[in-house]
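*Asks:* Sequence first, predicted model second:
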Amino acid sequence: MSSSIVAERSRALSKILCNFILVRNMGGGPRTFPGGVNKWKWKRMHEKRARDKERRLLEQEKQLYQARIRSHIRVKLAGKPDTSSATHSPMAPEDHIKALANRFMKEGAEDLWNRNDGPLKPPPPRLREFPGSSRRRGSISSPVDPRKLVPEGRHMLSDRQNKNLMNTSRNSTHTRDYSTQSRRRFQRNESSSEDEDSDSGLERNPTRPIVRNSFSTQKTVINANADDYINSKKNMPKRKRKLWRDDSSSGESESDMDSEGLRIARGVNKIGSSASLGKYDVKTKRRVPPSSYDEESDLSEQVELIRYELNKRKMTENEQQKSEEDTLLSQKRFDECGISPLTIKALSSAGYIRMTRVQEASLSVCLEGKDALVKAKTGTGKSAAFLLPAIETVLKAVSVNVPQRVPPILVLILCPTRELAIQLTAELKVLLKYHDGIGVQTLIGGIRFKDDQKRLESDPSQIIVATPGRLLDHIEYKSGISLQLMGLQMLILDEADHLLDLGFRKSVEKLVDCLPRQRQSLLFSATLPKEVRRISQLVLKRDHTYIDTVGINSVETPVKVKQYYLVASHESHFQILHHILKEHILQAPDYKVIIFCITGMVTSLLYQLLREMKMNVREIHSRKPQLYRTRISDEFKESKQLILISSDVSSRGMNYPDVSLVIQVGIPTDREQYIHRVGRTGREGKEGECIMLIAPWEEYFLDEIKDLPLTRFPLPDIDPETKLKVENSMAKIDNDVKESAYHTWLGYYNSIREIGRDKITLVELANQFSESIGLQRPPSIFRKTALKMGLKDIPGIRIRR
Ligand SMILES: Nc1ncnc2c1ncn2[C@@H]1O[C@H](COP(=O)(O)OP(=O)(O)OP(=O)(O)O)[C@@H](O)[C@H]1O
């Protein structure tokens, strides 16, 4: 082989290698995987497998746990000394309970084990009453001290501990107040277990409600497994079956699973085999003497006691938390946390001396370089909590970095709206006041792409604040940003749950795919539903830290915000709205009100109506040019005595100081959006008010927020003069605006599952709305749109010719 060919080949090889390294560094890896699936599909497939495996292991562990309790009881019944730890496995039952408790208590895992969304409710009163039940306590000879099982110094985890224990005997918490679905599921279990009780021939003991419940529900689980077990045994080859029988008759030396399986296969009321139970064998003695049955339940009682102990601690913590919530700031000062003195100087100039609670909880973790998922209520200072570590990252990198040909972007902050990006950039600039040479750029839609490119070239910055769409444009149009992003060290997602929601997820996935894997990621939001936490691993490392300063039993909205809802028919909405505003202006001379509407065009309609009625209003929504939006947003920040009518562009993250009232006209898209809208008032621990004005058919939404402290607002008496004024003003509004409002109204509610399902009712309601805004007849819609929305042949829909 000639030397030139060798050189050429080695050049080609090194080129391939370089490309490979480049792709790996970009977080890309190979684009297709075996079977032709793409990278994400492949990743998801593996994640699903891992989840399934974990679920299987957990199931096995639960079965083992139940087996352990039963064998413990058997040994006790037979009057033998408790040698279970020696004969069965290296772990004694007490240790096993403890181990399980620990496993379930993994920080941040508590509500992942809850099959339903939303916070867990306080424990049922029955549990709290437990110690008062002297009848039960008298018979306890507890070999396990529940106080010892609940590790000291884990007070913060008591909710989880409690939850975990609930999970270990999963269905035993009979009155747990989860969502309706879960309750139904649970009721099913309870009733089925009661049926089994009556089948079993065991006498029910009315004096043991708690133990009975946990036992009977335990049986429900066991029986499900019994079927599997019997089936698997049936399918065994004959020789194996025999061996199995031999093994099982060998008494206590058999493996737990086999002995349990055999007992299960013979029926759950047969508590043990003849060999293991001797004179207590249920075959010879059908009824178990009540006294010995009492002893059997020792461990269940201990579980109850542990649960009681945990609940007690949880209640104390809740009380503590409530008093803590009253104060936004913690005792810790910024100069105690190791951030640069120049940043501290900037913080002091901005009036920040002590940290807020979320800052105290998250700063040390973020500054250590760990990935974090942080949940804290609205208006509690999350922005600074992630901006400060961002600045530190840049300072660190700048101090060690050798000058590079392409100046890297070191920190990328993604957020869902343009206004929020602008606000975060402004906050960053305040914090960077005394740092020369650290630059910030904003990349958002609504600004000329070319201007962005020019700015990026002339003023390369270490920090970029962007909305996902615009950043993706830059990457796709190869404006050179991809190369700069290769040096990225920190990725921040503000309003993370929204960014990982369906609307943004695809863009965010694509973006993350273009970033280096070796980076720190921080996700922040006031709401982090369970599904979002599950998919957060798209961005976060597996061993990330989860910080929740809200707590799973706490109200997710600010404590000092009074929340009301008002139910009234569509035609009276505008009159009621005008009445509420008038009253509020009278009561609060420095009023500052935000009214949230369901869509941009409905926002525009309401703006025009209130302007006609001589109110001091501004509008902001996505149909307005960006310059206008920015101007209005800035004006509302600075002003008092102003009403901002907005679509959801202002519902998340916007820090308008001293908003006195938030009004929501119509239901928000979901519970999370409700919480964020409410959070525009009552910021920094201040007081605020919030009213949601809904039509009777929207009342179902109240169920989604039933754990929040909402009070029904009485229907106000509207004077005939206001009625007339509203009608006259409405008549002056251009029909085009009204028609657009109708169209978007129809689109919005059609996309809400609960309403959009019943198209006939939807169209009827839309037509009521059309009447309420003074349209003679419902506007027509394009055939194509009607088809897309599934409304083509629905009575009441007019198709445009
Ligand atoms: N340590 C602090 N000391 C005093 N004020 C602070 C401190 N940290 C934040 N703030 C102020 O608290 C207000 C709310 O902060 P921020 O906007 O960061 O809240 P948030 O938790 O991000 O809210 P949202 O969930 O709505 O995005 C701001 O006015 C901010 O200036």
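*Replies:* Sure thing, it's come through. No experiment lies behind these values; they were computed from the predicted model shown. Numbers count the residues shown, from 1 in each chain.
*Asks:* can you tell me the helix or strand for residue 595?
*Replies:* strand 592-596 (DSSP states H and E).
*Asks:* Next, the contact list for residue 782, please.
*Replies:* Residues in contact with residue 782, defined by C-beta atoms under 8 Å, 6 or more residues apart in numbering, are 799, 800. C-beta: built from backbone N, CA, C; applies to glycine.
*Asks:* Surely residue 670 and residue 701 touch.
*Replies:* No - Residue 670 is beyond contact range of residue 701, at 9.0 Å (criterion: C-beta atoms under 8 Å).
*Asks:* more neighbours, the two?
*Replies:* A direct count of neighbours by other C-beta atoms under 10 Å for residue 670 and residue 701 places residue 701 higher, at 21 against 16.
*Asks:* so how far is residue 601 from the more buried one?
*Replies:* From residue 701 over to residue 601 the distance is 21 Å, taken as C-beta to C-beta, to the nearest Å.
*Asks:* and what of residue 617?
*Replies:* Here residue 617 is placed at a distance of 16 Å from residue 601 (C-beta to C-beta).
*Asks:* Hmm, residue 529 is touching residue 496, no?
*Replies:* No - when contacts are counted by C-beta under 8 Å, residue 529 is not listed as touching residue 496 (10.8 Å).
*Asks:* Just want to know which of residue 617 and residue 601 has more residues nearby.
*Replies:* When residue 617 is set against residue 601 and neighbours are counted by other C-beta under 10 Å, the residue ahead is residue 601, at 24 against 20.
*Asks:* show me the contacts for that one.
*Replies:* If a contact means C-beta under 8 Å, 6+ apart, then residue 601 has 623, 737, 740, 741, 743, 744 as its contacts.
*Asks:* element containing the last one, please.
*Replies:* The one in question is residue 744. For residue 744, the element it lies in under DSSP H and E is helix 735-751.
*Asks:* What backbone torsions are found at residue 540?
*Replies:* The phi/psi pair for residue 540 (degrees, to the nearest 10) reads phi -90, psi 160.
*Asks:* let me redo that: residue 524
*Replies:* As for residue 524, its main-chain torsions (degrees, to the nearest 10) stand at phi -130, psi 140.
*Asks:* Just to check, it is in contact with residue 492?
*Replies:* Yes - here residue 524 reaches residue 492: they are 7.3 Å apart, a contact under C-beta under 8 Å.
*Asks:* tell me, what's touching those two both at once?
*Replies:* Residues within reach of residue 524 and of residue 492 at once, by C-beta under 8 Å, 6+ apart, are residue 386.
*Asks:* Spatially nearest residue to residue 600, not counting backbone neighbours?
*Replies:* When the adjacent residues along the chain are set aside, residue 600 lies closest to residue 621, with 3.6 Å between them (C-beta to C-beta, 6 or more residues apart in numbering).
*Asks:* Could you double-check that that neighbour sits in contact with residue 644?
*Replies:* No - Residue 621 is not in contact with residue 644 according to C-beta under 8 Å; the separation is 10.6 Å.
*Asks:* and the two? which has more neighbours close in?
*Replies:* Summary of the neighbour comparison: residue 621 and residue 644, criterion other C-beta under 10 Å, with residue 644 having more neighbours (25 against 21).
*Asks:* could you check the distance from that one over to residue 561?
*Replies:* As defined by C-beta to C-beta, residue 644 lies at a distance of 17 Å from residue 561.
*Asks:* ok so, going back, mind checking which of residue 529 and residue 496 has more residues around it?
*Replies:* Looking at residue 529 and residue 496 with other C-beta under 10 Å, you find the greater number of neighbours at residue 496, namely 28 against 17.
*Asks:* got the contact list for the spatially closest residue to that one that is not a sequence neighbour?
*Replies:* Among residues not flanking residue 496 along the chain, residue 523 sits closest, at 3.7 Å (C-beta to C-beta, 6+ apart). Shown here is residue 523, whose contacts under the criterion C-beta under 8 Å, 6+ apart are 372, 373, 374, 492, 493, 496, 536, 539, 540.
*Asks:* is it true that the third one lies in a strand?
*Replies:* Yep, that's residue 374 we're talking about. Yes - looking at residue 374 with DSSP: H, G, I helix; E, B strand; the rest coil, it is inside a strand.
*Asks:* isn't it right next to residue 358, touching?
*Replies:* Yes - counting by C-beta under 8 Å, residue 358 is a contact partner of residue 374 at 6.6 Å.
*Asks:* Which neighbours do the two have in common?
*Replies:* Between them, residue 374 and residue 358 share the neighbouring residues 382, 385, 547, 549, with contact defined by C-beta under 8 Å, 6+ apart.
*Asks:* how near is the third one to the ligand?
*Replies:* What it means is residue 547. Residue 547 sits 13 Å away from the ligand when distances are taken as C-beta to the nearest ligand atom, to the nearest Å.
*Asks:* Now residue 797, what are its backbone angles?
*Replies:* In terms of degrees, to the nearest 10, the main-chain angles of residue 797 are phi -90, psi 130.
*Asks:* hang on, it packs against residue 787?
*Replies:* No - checked against C-beta under 8 Å, the pair residue 797 and residue 787 is beyond contact range at 10.9 Å.
*Asks:* To which secondary structure element is residue 472 assigned?
*Replies:* Per DSSP H and E, the secondary structure element for residue 472 is helix 468-476.
*Asks:* do the same with residue 441
*Replies:* For residue 441, the element it lies in under DSSP H and E is strand 440-443.
*Asks:* what element comes up after that strand heading to the C-terminus?
*Replies:* Helices and strands here follow DSSP H and E; after strand 440-443, the next one along the chain is helix 449-458.
*Asks:* what pLDDT does residue 638 get?
*Replies:* Confidence per residue is given as pLDDT, and for residue 638 that number is 96.
*Asks:* Repeat that for residue 313.
*Replies:* Residue 313 is assigned a predicted lDDT (pLDDT) of 72.
*Asks:* Just give me the neighbour total for the closest residue to residue 786 other than its chain neighbours.
*Replies:* Distances taken as C-beta to C-beta, 6+ apart place residue 792 nearest to residue 786, at 4.6 Å, with adjacent residues excluded. The burial count assigned to residue 792 is 15, neighbours taken as other C-beta under 10 Å.
*Asks:* now do residue 510
*Replies:* By the measure other C-beta under 10 Å, the count of residues near residue 510 is 15.
*Asks:* measure it to residue 750 for me?
*Replies:* Distance, residue 510 to residue 750, by C-beta to C-beta: 28 Å.
*Asks:* Could you list the low-pLDDT ranges of the stretch 1-150 of the chain?
*Replies:* Per-residue confidence of the stretch 1-150 of the chain (counting by pLDDT under 70) places the weak regions at 1-35, 79-150.
*Asks:* give me that answer again for 50
*Replies:* Confidence mapping of the stretch 1-150 of the chain against pLDDT under 50 gives the ranges 1-2, 18-30, 82-89, 106-150.
*Asks:* of all the residues in it, which ones are close to the ligand?
*Replies:* Residues of the stretch 1-150 of the chain lying close to the ligand (C-beta under 6 Å from any ligand atom): none.
*Asks:* what's the answer for the stretch 451-600 of the chain, then?
*Replies:* Of all the residues in the stretch 451-600 of the chain, those in contact range of the ligand (C-beta under 6 Å from any ligand atom) are residue 526.
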